[in-house]
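Student: fold the following.
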Amino acid sequence: MEYIYSALVLHAAGKDITDDAITNILGSAGIEADAAKVKALTASLEGIDIDEAIATTAFAAAPAAAAAVGGAPAAGEEPKKEEKEDEEEEEVSEEEAAAGLSALFG
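Tutor: Coordinates of the predicted model:
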């Protein structure tokens, strides 16, 4: 993962993502870089629009993250039954409120 992070740091800084640059970042963090992993990473990133990849990943991950914390359902997922029950409870509450008001004013 640290290899990918170093590539993202270079990208955020507007620098070229090269073998040497990744090795230097890892080295400054006290990590001995594996040359094969560095070469594999730089080769896999050639021709990749990192901004687009980040945006696509963030877009895909957002519904999953929201569902994980109990928020909106993920795409294709059915809404929870609890929402339906809440609507029924609200209707009962409105009827009770109306009955209470009519009793109050005769």
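
Student: quick check: which ranges of this protein have low pLDDT?
Tutor: Confidence mapping of the chain against pLDDT under 70 gives the ranges 60-106.

Student: if we use 50, what do you get?
Tutor: Per-residue confidence for the chain (pLDDT under 50) gives these ranges: 101-106.

Student: please enumerate the strands of it.
Tutor: Counting by DSSP state E, the chain has no strands at all.

Student: helices of that one, start to end?
Tutor: In order along the chain, the chain carries the following helices (DSSP state H): 2-12, 19-28, 35-45, 50-68, 81-104.

Student: just the buried residues of stretch 15-25, please?
Tutor: Of the residues in stretch 15-25, those buried by neighbour count under the rule 16 or more other Cβ atoms under 10 Å are Ile17, Ala21, Ile22, Thr23, Ile25. In short, each C-beta sits where N, CA and C put it, glycine included.

Student: tell me the two of these that are most distant?
Tutor: Distances among those were taken as Cβ to Cβ; the most separated pair is Ile17 and Thr23, at 11.5 Å.

Student: mind putting the buried residues of stretch 15-25 in TSV, distance to Ala53 included?
Tutor: TSV is the format used below for these (distance: Cβ to Cβ, whole Å):
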residue	distance to Ala53
Ile17	13
Ala21	19
Ile22	17
Thr23	22
Ile25	19
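
Student: so which of those comes closest to Lys37?
Tutor: Distances from Lys37 to the buried residues of stretch 15-25, taken as Cβ to Cβ, are shortest for Ile22 (9.0 Å).

Student: which residues touch the closest one?
Tutor: Applying Cβ atoms under 8 Å, 6 or more residues apart in numbering to Ile22 gives the contacts Tyr3, Ser6, Ala7, Leu10, Ala33, Val38, Leu41, Thr42.

Student: possible to save the residues you listed as JSON lines with distance to Phe59 and neighbour count?
Tutor: JSON lines is the format used below for those (distance: Cβ to Cβ, whole Å; neighbours: other Cβ atoms under 10 Å):
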{"residue": "Tyr3", "distance to Phe59": "24", "neighbour count": "19"}
{"residue": "Ser6", "distance to Phe59": "24", "neighbour count": "24"}
{"residue": "Ala7", "distance to Phe59": "20", "neighbour count": "23"}
{"residue": "Leu10", "distance to Phe59": "23", "neighbour count": "19"}
{"residue": "Ala33", "distance to Phe59": "31", "neighbour count": "19"}
{"residue": "Val38", "distance to Phe59": "29", "neighbour count": "20"}
{"residue": "Leu41", "distance to Phe59": "23", "neighbour count": "17"}
{"residue": "Thr42", "distance to Phe59": "26", "neighbour count": "18"}
